[in-house]
Each structure stands twice: as C-alpha cells, then as structure tokens.
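Asks: Model the following, please.
(chains A and B)
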Amino acid sequence: MNKAVSVRTKRVIAALVSVGLLAGISVNTAVAAPKNLARSVVQADWLEKNLDNPDVKIIEVSTEAGLYERGHIKNAVKLNWYTDLVEVVNRDIVAGTRFQKLARAAGINKNSIVVLYGDKNNWFAAWGAWIFNTYGIEDVRLLDGGRVKWEKDGRAFTTTVPTPKDGNFVATKADKSVRATLIRDVLPAVRKKGSSDIVDIRSADEYSGKIFAPAGFQELAVRAGHIPGAVNVPWGSNVNTDGTFKTVAELKKLYSDKGIDGKKPIITYCRIGERSSLTWFVLSEILGYEVKNYDGSWTEYGNGVGNPISNPAGTIWGAA
Amino acid sequence: MGSCLISADTNFDKGGARGATSVEVSTWSKADTLRTVIAAGIVASLLFAAFLLSGKEGTGANAAFSLLLGAALGITLERGRFCFFCIFRDAIEDRDTTPFLSILSAIAVGAVGYAILFGQFLPDTSTDRLPPNAHIGPVSLILVISGLVFGLGMALSGACISGHLYRIGQGSIRGYPALLGSLLGFGLGFKSWNLLYSKSISGAPTSWLPHKFGYAGALLITLIVVAIIALLAIKWGKNSTPIANPVPAALNSVSLRNSLIVTRWRPLTTGAIVGVIGTIAYLRIEPLGVTRQISTTSRTYFEGKSWIPQNLDGLDLMAGCIAVVSDAITNNGWLIIGLVVASFAAALAGNRFKWQQITWRNGLTALLGGIFLGWSSMIALGCTVGVLLSGTQSFALSGWVFFATVFFGSWMGIKLKLHKI
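Replies: A predicted model of the protein is given here:
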C-alpha cells in the first residue's frame, strides 16, 4: 500500500514537473522572437491564461461601435480604427508621434507581446497588427478567430475598462518594408513584369471588373478591374468558417496554387487597404514572406489618371 | 377625451372623491380568470420565442434580448398609460399634470443610469468624442421644425409612434393608418434629407453637456432642469389627480392583482421603470427607440422602388434611430413586436382591450398625422422615445430641443383642435 502511494506520489511529482517544464517552455515561447511564423497567431486558451500577464498587452480593434464597451476580453484596451490608426484628413496611416502616445497609453513597452483581436475575422485587428509592425513593435500577434470565436466558445467578457500604467515604447520610423506606395512600389512592379507578386484580395466580381464595389460600400474607384498582373485570392479564403486561420500547410498551398511562393516580394491590396492587411498578416507574419501592404489600394490605383489596369469584364463608368 | 378613446382614466380617482383609504375591490369573474390565463400564456410565449431566438447563431441573443425589452416596455407603457400625447393633452386641456411627471421621472432615472454607463463607456470627456451609439444629434433649425411637426402629427393622429404601437395592443384601429402614414412620412423624409442635410444639418453643432460639464455636472444640470419643470408642472396643474394611488388596506392577492393589472400604475413608478428599461437597453443593445425598424422598412421599400436617393448624405455617421437597408428583422423590429404583443397581454388581463371605432374621417386624420410623425422622426433621427427620452437621458441638447418643440407643437395642435377633427 505504501508502495502504491509512493508510486502515485512519484507520478504526481513527475506530472507536476512536466507541467512545470511545459509551462516554462510556453513562457519562453511567449517571449519568443518576432516574425515567429505560426506563433504570431495566439490561441484563445493561451490568451486566457495570460490575461493578467504584465508582458502581454491586449488590444481590441473592432468596427462595430459599442461592441468593446458592452463587453471585451479582460484587460483589453480599445483602439478605434478610423480615428486612432489613420490620419483621417490626410488619408494616411497614423503619424508615428501620435501612435507612440496611443501605444504608451495602452501600457505597451518595448518588449511587450501585443495581442490584437476584433470583430469580423479580425478584419481591422489585422490593420492594427500591420500598423504596430510598421512602427516597430516587435512581437505582434492576432487572436485566432477574433472576438466572434471567443464569444462562441463561451469565454468571458468584461465591461471593466483597464487603466494601464504608461508604457515606455518608442516608435521607430515607419517601416517602408511593410508598406507599398503607388510610385515607389506598385507602378514599378507593374512596369517590370514578374518582379513582384501582386495579390488582389477583393471578390472575384470586383477583380474581373464586373462591379465597381460590393453593395453598400461608399469608397469607390471610377474604374473597374484590377492592377495588371495581380492574382485574385479573396481574403475570406485565409480563414476557416469559424474565423480561425487555416493551417500553415493549407495557407502555403492556397498561395502556391496561385503561383505565390514567397520567392518574390509580394504586394497586397483591396479597396482601401484594410482587408488586405489580413492577407498581409497571413503572408508576412504566418508564412514569413516578404510582403508590403498597399493601403492606397484600388481607390487610389483605380482612380489614378493613366495607371494601366486590367479590366476583363470591360465595365465602364457611366456607360449604359 | 378627444382622440384618446382608450385613455379612460381607469384609475386615478379624480380628486380622490372615492376616498383614499382603500382600493375599490373589484369582483373577480370567470371571464377575468380566462383573460388573465390567456394573457399569461401570451407572456409565456414571448419568453419562449425569446428562448428560441437566443439559440440563433450570430445576432440571435441580441434579438431575443430586444424582444424581452420590448415586452417590458409594452407592459409598462400600457399599464402606466405612458402616451406622450395623452400626457400632454391632460396637462394642456384638463390641467392635470400628474401624468406629465412620468416623463420627468423617466428622464431623471434614465439620466442617472446613462451617467453610470457613460462613465465606463467613455471615461474621458475632455476629447471631442461621443459615447458609442448614444442618441446625441445635431441641433439645427430643422430639428426645431421637425419637433413642431411631430407635435402637430401627434395631435392629428392621436398619439406619438410609441403611443400608437402600445395602443394597437389595446385594440386601437387608428394606429394602423397612423403607422402606414409614418412609413410614407419616412419616405418623404428620405426624399428631403439630402437637401436639409446640406442646407442646415451638416453644419449644425452636436452639443453634448458632458463635454463642457463632465458627467457629474451634466447629471446635476439635468436633474435641476427636471426638478424645475416638475415644480412648474405641479403649479400649473389645477385639476391634477393625486400622485399616489390609494393604498390598499391589506396586501393580499386581490389588492396585488388590482395594483398590477387593473389600476393604472403611478406616474413616478411608470417613468422610473421606463428609465431603467432605457438604461438596460443602452447597456446591452442600443438606446431605446421605436422607429429604427419602421425607418428601415420604409428605406428598404422605397429604395427598391428607386424613389429615394441611394446615398443619404452623412446619415450613416449620425447617431439615432437610423435606417439600415435590410430585409431582415432588426433588433428594433423584435423590440416592437414584443411591445405590441405584451401591451395586448396587459390590456387583456386588465380588461382594457376594446376595438376602437374608426371612421373615414378619423382614419384619414390618423394617416395624415402619421405622415407628419414619420417625416419628422426621420429628420430628427427618432421620435419621442429615441430623441426625447434617450436624448435627454444621454445629456444631448438635441433631446431637450425636441422635448420643448414637440410639446409646443402638441400645444398648437390642441389649441387648433386638430385632435377633435
């Protein structure tokens, strides 16, 4: 009997030790290096255990007004996409100085692990991740499945707003290697065929030029079609029906089937650059390719006088 | 009694003539039992419908909650006779201002609730941000005009929009042409929106008291204003009914039934419940309002007919009971369904359900008044619930301007005897 007890004790100790080891390992991964491929997506279980971890800073970026206020993940700070993360008047990404202030107010330090989540398959949370990367936060991750999955899994929300201590994060200069501009990147890529892969993440009908924009969207270009040479991989194909990201293997195959294997630099775009930031995240942060998100996107490119376009459907603005 | 046919002041004993010591004990007949059982069955089926809805993926839970909010509101409006026009008319025509206090009570209680929520939703009032979804609208000449038109529409049709909704549950027939009229009125509103927006609304200030005074200051100001209006109202009320119902001699099943389903709920209690429902609605779904679904139905229909512009300038960025283009039932639609059905149950249990008579004449005035109501609540971004109540409760100047102008519009309507046409 004594023996049995001691065996059990040993087992328990062994179990505890291995749990401890695992915990140690997971703590290590928590502070792992940036650009950590599939680890740039955190699972809800992990986040639930790290809600109070002072190194983990949680940020909600949702599109629907009032969602955060009526319930959010514990200790999450809200950032508003269209006022906090862009310059509204100039149509530009948020200026570095303003971003640094926001990030510090959210308690972000130089070595923080920033976990973003939001509604609609992390649509705008991914924009946030792109901006955070642009200004040099080194460990930026998205919560797999975003807000919807978290809620569906029956995990807790709170209405309590955290009051974090100011962080010491210092914004770097905007990183040009993740942002494409018309003159510097997109037009040269179009002129020099085959120098870059361009991914159009809009719907097939927008890509083919059948329609100018989906019903209900206000931002328009007066031309239909796509950037010459772009391949069409609608953004929804990055995720499963529950909003979680597909596996690395599935994602690799999804893009390699379209001829995108990361050997060439990639440019992603949509209408105004927000949905394409999700594809940017997949290609850059999950697959580790060299990718720039083109935030001017079709509303800049398609409206630009003289920019060459491809318009298979031949739809012309104003023509019957 | 003008057009408030159902308003029968069942239960405020005027002047307390029948003594204030005990409630008149009504006899409980078999028919009462039957009616009460049916009403309980209706309420139970509302609860079950909410249960079924809540299982629907995505928006199900919010739809279910909206249905329950609507049911609570329907019972409260019916039991407290919380009909803005009847309340105004009692004050203006009969100089009975007791019912008026229910509106003030709703504003005061709701303002406390909103202050609590705002403190959490938008802790810092020093920026120019506004709390999400709150009904804080631009204050323009157009708002003044729409308030006046709304008041006239109330007089002409016999009630405001929420009034028509709960009175449909009491057997009102005029409510139907009035609601049909408001659908048309919304269409006219959409048609005139872009012009009014560019001429006046776009440049109008959106004034929110906490921006200047913080939450404590805004709440204090609101409560002081409410208190002053209450004092004035009490002074004006020469024939006011007593604020409290007679206290039952003993608390037993008969007196309980009487106070719950027979006698009219006290104005301060009714208003307080409306204020609490408003606070909960804002906490969980959106500010209380009853026109978003009507507006949505109208916009979807007329847009389908290409009768109104596809682009309504600036509208989607405003706060209020704003239409979306949708064929699905919105949360607000579920709220309205709950409101009407629960009001019917409450009226049935208390034996107040009675088909109202309709004539060509009062049917047409209801339709015309409804058009007024629809146009003005489109332009004002809501009605007496969405702009007046939810607006004042959320410290919006627009709510107070609408309150004053709707009251003045009703006063004009009553003086012009529009409600007696």
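
Asks: quick one, what contacts the closest residue to chain A within chain B?
Replies: Relative to chain A, the nearest point of chain B is B:P132 (3.7 Å; C-beta to the nearest C-beta). Where you see a C-beta, it was placed from the backbone N, CA and C, and this is true even at glycine. The contact partners of B:P132, taken as C-beta atoms under 8 Å, 6 or more residues apart in numbering or on different chains, are A:65-66, A:69, B:121-122.

Asks: Let me have those residues in CSV, extended by distance to A:K264.
Replies: Listed next are the contacts of B:P132 as CSV, based on distance: C-beta to C-beta, whole Å:
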residue, distance to A:K264
A:A65, 40
A:G66, 43
A:E69, 44
B:F121, 47
B:L122, 47
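
Asks: could I get stretch B:105-116 in PDB with only the CA atoms?
Replies: The C-alpha trace of stretch B:105-116 is given here as PDB (Å, rounded to 0.1, in the frame of the first residue of the first chain):
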ATOM      1  CA  SER B 105     -39.300  60.600 -13.800                       C
ATOM      2  CA  ALA B 106     -38.200  58.600 -16.900                       C
ATOM      3  CA  ILE B 107     -35.600  61.300 -17.800                       C
ATOM      4  CA  ALA B 108     -34.300  61.600 -14.300                       C
ATOM      5  CA  VAL B 109     -33.900  57.900 -13.700                       C
ATOM      6  CA  GLY B 110     -32.500  57.300 -17.200                       C
ATOM      7  CA  ALA B 111     -30.000  60.100 -16.800                       C
ATOM      8  CA  VAL B 112     -28.600  58.500 -13.700                       C
ATOM      9  CA  GLY B 113     -28.400  55.200 -15.500                       C
ATOM     10  CA  TYR B 114     -26.700  56.700 -18.500                       C
ATOM     11  CA  ALA B 115     -24.200  58.700 -16.400                       C
ATOM     12  CA  ILE B 116     -23.200  55.400 -14.800                       C
END
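
Asks: For it, what is the distance to the chain centroid?
Replies: 15 Å (C-alpha atoms, centre = their mean, to the nearest Å).

Asks: how about that stretch, does it reach chain A?
Replies: No: taking C-beta under 8 Å from any C-beta of the partner chain as the criterion, stretch B:105-116 and chain A are apart, separated by no less than 11.1 Å.

Asks: residues contacting the residue nearest to B:L184 when sequence neighbours are not counted?
Replies: Setting aside the residues directly before and after it, B:L184 is nearest to B:I371 in space (C-beta to C-beta, 6 or more residues apart in numbering or on different chains), at 5.4 Å. If you count contacts by C-beta under 8 Å, 6+ apart, B:I371 has them with B:153, B:181-182, B:184-185, B:188.

Asks: Help me confirm that A:K57 is found in a strand?
Replies: Yes: using DSSP: H, G, I helix; E, B strand; the rest coil, the secondary structure at A:K57 is a strand.

Asks: burial count for it?
Replies: A:K57 has 25 neighbouring residues, counting by other C-beta atoms under 10 Å in any protein chain shown.

Asks: Next up, the contacts around it.
Replies: By C-beta under 8 Å, 6+ apart, A:K57 lies in contact with A:77, A:106-108, A:112-115, A:164, A:167.

Asks: Tell me the bridge partners for it.
Replies: A:K57 has these beta-bridge partners by DSSP bridges: A:V114.

Asks: For the helix or strand of chain B with the lowest mean pLDDT, list every residue counted as buried.
Replies: Ranking every helix and strand in chain B by mean pLDDT, DSSP states H and E puts helix B:253-257 at the bottom, with a mean of 84. Of the residues in helix B:253-257, B:254-255, B:257 count as buried by neighbour count, 16 or more other C-beta atoms under 10 Å in any protein chain shown.

Asks: returning to that earlier point: CSV for the contacts of B:I371, including pLDDT?
Replies: Below are the contacts of B:I371 laid out as CSV (pLDDT from 0 to 100):
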residue, pLDDT
B:G153, 97
B:G181, 97
B:S182, 97
B:L184, 97
B:G185, 97
B:L188, 97
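
Asks: who are the neighbours in contact with the nearest residue to B:S207 once chain neighbours are set aside?
Replies: Nearest non-adjacent residue to B:S207, counting by C-beta to C-beta, 6+ apart: B:L397, 3.8 Å away. Taking C-beta under 8 Å, 6+ apart, we find B:L397 in contact with B:139, B:207-209.
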